[in-house]
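[1] with the sequence up front, the predicted model follows.
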Amino acid sequence: MNIQEKQAKTILTPAAGFVSEFSHTLNPYSGCAFGCKYCYVREMPIARFRDEEWGTWVDVKKNAAELLPKEIQKARKKGPVTIFLSTATDPYQPAESKYEITRSLLEAMLLEPPDFLFVQTRSPLAKRDVDLFQQFGKKIRVSMTIETDLEKIRKLFTPSAPPIAARLSALKEITEAGVPTQAAISPLLPCTKNIARVLREVTSRAVIDNFFMGDGSRGKRTEKMGIRKIYEDHDLLSWYDPDAYKFVLELLKQEFDDVELLISNQGFVP
Ligand code: SF4
């Protein structure tokens with residue numbers, strides 16, 4: 001893994017696309033060690049203009065927490081500041097254990113609070129920061145990506161991402177600490193009919209999307225990245241269907257009062 005420390009010029013970015021309900025996005029790192037095969041960031045300029053393969057490099061924004069307070073103050077002059085952390089990296093990828101950039105950003109935000117903070121991750125490391133999450137009260141939601149309940153499917157699509165059981169356990173811990181949470185089935189991968197019940201044991205809210213409503217190009221970007229071949233090679237093609245989510249959505253509705261279908265057409269959560 002090529003990890004480099006960098007000085008960022010700015011840290012808050014005006015939100016657009018699938019996160020346009022937020023005012024800003026916040027990415028403590030560039031690049032992502034999890035390197036999910038379906039990650040749409042692979043096709044974005046930030047990844048395409050590098051010679052290195054997506055998933056093999058991470059730039060650490062060392063000065064992120066120094067920049068943030070002033071940028072929040074400035075942004076607040078234009079209206080409510082609602083932040084999505086993160087859109088193009090995982091804020092709790094392995095480098096965070098050492099560098100604690102995300103933790104330093106949370107500490108900075110407790111001194112200069114945004115109106116709302118949304119934390120998106122697939123890493124159990126997030127539970128390390130539960131003490132800080134709690135201090136945001138209701139002005140935070142921690143969202144854990146759990147696209148399947150089958151570990152063998154997770155390994156096919158995201159071999160370098162954390163195991164499903166560890167994510168479930170971390171999400172449960174964060175929820176039980178009183179922090180608002182959700183499970184993000186995003187994008188939906190082949191799963192069992194138990195998925196809704198399993199998720200309901202660890203959170204009270206679930207969201208779901210798939211490659212066709214969530215990759216920003218009605219599935220074309222996913223097709224170009226060759227994801228169909230994984231389904232073909234493992235006899236899973238019935239799941240590579242724009243309507244396959246309906247069955248899982250119904251299961252979720254039976255278990256959850258709070259379920260949302262994410263039809264953004266701009267990109268599933270990273
Ligand atoms: S989908 Fe998220 S966790 Fe996976 S490589 Fe992309 S940014 Fe990282």
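    On my side now, so go ahead.

[2] surely residue 121 meets residue 91?
    Yes - in this structure, residue 121 is within contact of residue 91 by Cβ atoms under 8 Å, at 5.8 Å. In this view, the C-beta of every residue, glycine as well, is placed from N, C-alpha and C.

[3] those two: which is more packed in?
    Using other Cβ atoms under 10 Å as the criterion, residue 121 and residue 91 rank with residue 121 on top: 28 against 25.

[4] just the element for the residue lying closest to the more buried one once chain neighbours are set aside, please.
    Distance criterion Cβ to Cβ, 6 or more residues apart in numbering; nearest residue to residue 121, sequence neighbours excluded, is residue 92 at 4.5 Å. Using DSSP states H and E, residue 92 sits within no helix or strand.

[5] quick one: the helix or strand that contains residue 144 near the ligand?
    Residue 144 belongs to strand 140-145 when assigned by DSSP H and E. No - Strand 140-145 does not reach the ligand (Cβ under 6 Å from any ligand atom); its nearest approach is 7.2 Å.

[6] ok now that strand, how far from the chain's centre?
    Relative to the centre of its chain, strand 140-145 is centred 8 Å away, using Cα atoms, centre = their mean, to the nearest Å.

[7] which elements pack onto it?
    strand 116-121, helix 164-176, strand 181-185 (3 or more Cβ pairs under 8 Å, 6 or more residues apart in numbering; DSSP states H and E).

[8] what's the most buried one of those?
    Among the helices and strands packed on strand 140-145, the stretch with the highest mean neighbour count (mean count of other Cβ atoms under 10 Å) is strand 181-185, at a mean of 26.

[9] run me through the strand neighbours of it, direction for each.
    Strand 181-185 pairs in its sheet with strand 140-145 (parallel), strand 205-208 (parallel), by DSSP bridges.

[10] measure how the first one sits relative to helix 164-176, angle-wise.
    If I follow you right, that is strand 140-145. With axes from the mean of the first three to the mean of the last three Cα atoms, to 10 degrees defining the directions, strand 140-145 sits at 160 degrees from helix 164-176.

[11] now what about strand 140-145, what contacts it?
    With Cβ atoms under 8 Å, 6 or more residues apart in numbering as the contact definition, strand 140-145 has outside contacts at 116-122, 126, 133, 167, 170-171, 174, 179-184, 186, 203, 205, 207, 269.

[12] what's the helix or strand following that strand packed up against?
    Moving toward the C-terminus from strand 140-145, the next helix or strand (DSSP H and E) is helix 151-157. On a contact count with 3+ Cβ pairs under 8 Å, 6+ apart, helix 151-157 meets helix 164-176, helix 227-233.

[13] circling back: turn the strands paired with strand 181-185 into CSV, columns for mean neighbour count and mean pLDDT.
    Below are the strands paired with strand 181-185 laid out as CSV (neighbours: other Cβ atoms under 10 Å; pLDDT from 0 to 100):
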stretch, mean neighbour count, mean pLDDT
strand 140-145, 24, 97
strand 205-208, 22, 95
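
[14] out of those strands, flag the one nearest residue 46.
    The minimum distance between residue 46 and the strands paired with strand 181-185 falls on strand 140-145, with 19.7 Å, by Cβ to Cβ.

[15] how about the residue of the stretch 101-250 of the chain found nearest the ligand, nearest residue that isn't a chain neighbour?
    Per Cβ to the nearest ligand atom, residue 122 is where the stretch 101-250 of the chain lies closest to the ligand, at 5.3 Å. Using Cβ to Cβ, 6+ apart and skipping the chain neighbours, the partner closest in space to residue 122 is residue 145 (4.0 Å).

[16] can you check residue 65 too?
    residue 104 (3.7 Å).

[17] what mean pLDDT would you report for the helix or strand hosting the one you found?
    Element membership for residue 104, per DSSP H and E: helix 101-111. For helix 101-111, mean pLDDT rounds to 98.

[18] now what about it, what contacts it?
    Applying Cβ under 8 Å, 6+ apart, the external contacts of helix 101-111 come out as 11, 26, 28-29, 60-62, 64-65, 68-69, 72, 83, 85, 91-92, 96, 117, 128-129, 132-133, 135-136.
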